[in-house]
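Enquirer: Build me a structure from this.
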Amino acid sequence: RAATPGFDCTDPYDSPLASQVTGELCTAWGECPLCPRAAVIPGCSHALAQLLHLQNAIEKARHDLPPGRWLYWSTVQKALNNWVSKFQDQSIWHKARNVQNTHSILIE
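Expert: This next block holds a predicted model:
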């Protein structure tokens with residue numbers, strides 16, 4: 001669906017990100033919050049759970065990253081917060097909190 005779980009992509013073979021090659025499947029994990037091709041389904045509790053999982057991982061990494069890398073990830077975090085705010089239905093939030101994440105996310 002997209003390089004970052006919880007997101008969908010309108011064209012994963014044509015990423016506008018500088019690190020990606022046109023015609024190849026996008027591999028820019030964690031960068032979907034910044035990408036203009038990104039989308040979310042605001043009624044999907046699984047998508048919200050994945051976004052919250054990434055949000056938590058970024059926050060945990062805050063104290064371990066060098067300042068230059070934190071500057072990048074803080075930009076991702078701000079964009080991610082905007083995506084999370086699209087989930088308005090409280091029942092989706094309730095369901096998302098009950099989704100079990102079976103893997104850890106390590107930011108760098």
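Enquirer: so residue 106 makes contact with residue 57?
Expert: Yes: with contact defined as CB atoms under 8 Å, residue 106 counts as touching residue 57 (7.2 Å). For every residue, glycine as well, the C-beta is placed using N, CA and C.
Enquirer: which of these two has more neighbours?
Expert: residue 57 (16 against 9; other CB atoms under 10 Å).
Enquirer: Distance of the nearest residue to the more buried one once chain neighbours are set aside relative to residue 40?
Expert: Spatial nearest neighbour of residue 57, chain neighbours left out: residue 105 (3.7 Å); criterion: CB to CB, 6 or more residues apart in numbering. Applying CB to CB, to the nearest Å, the value for residue 105 to residue 40 is 17 Å.
Enquirer: Residue 1 now?
Expert: 10 Å.
Enquirer: Overlap in contacts, those two.
Expert: 7, 8 (CB atoms under 8 Å, 6 or more residues apart in numbering).
Enquirer: Spell out which residues sit in contact with residue 52, please.
Expert: Residue 52 touches 84, 96, counting by CB under 8 Å, 6+ apart.
Enquirer: next one: residue 42
Expert: By CB under 8 Å, 6+ apart, the neighbours of residue 42 are 86, 87, 88, 89, 92.
Enquirer: wait, what's in contact with the residue of the chain most remote from its centre?
Expert: Most distant from the centre of the chain: residue 23, at 22.1 Å, with distances by CA atoms, centre = their mean. Counting by CB under 8 Å, 6+ apart, residue 23 touches 13, 14.
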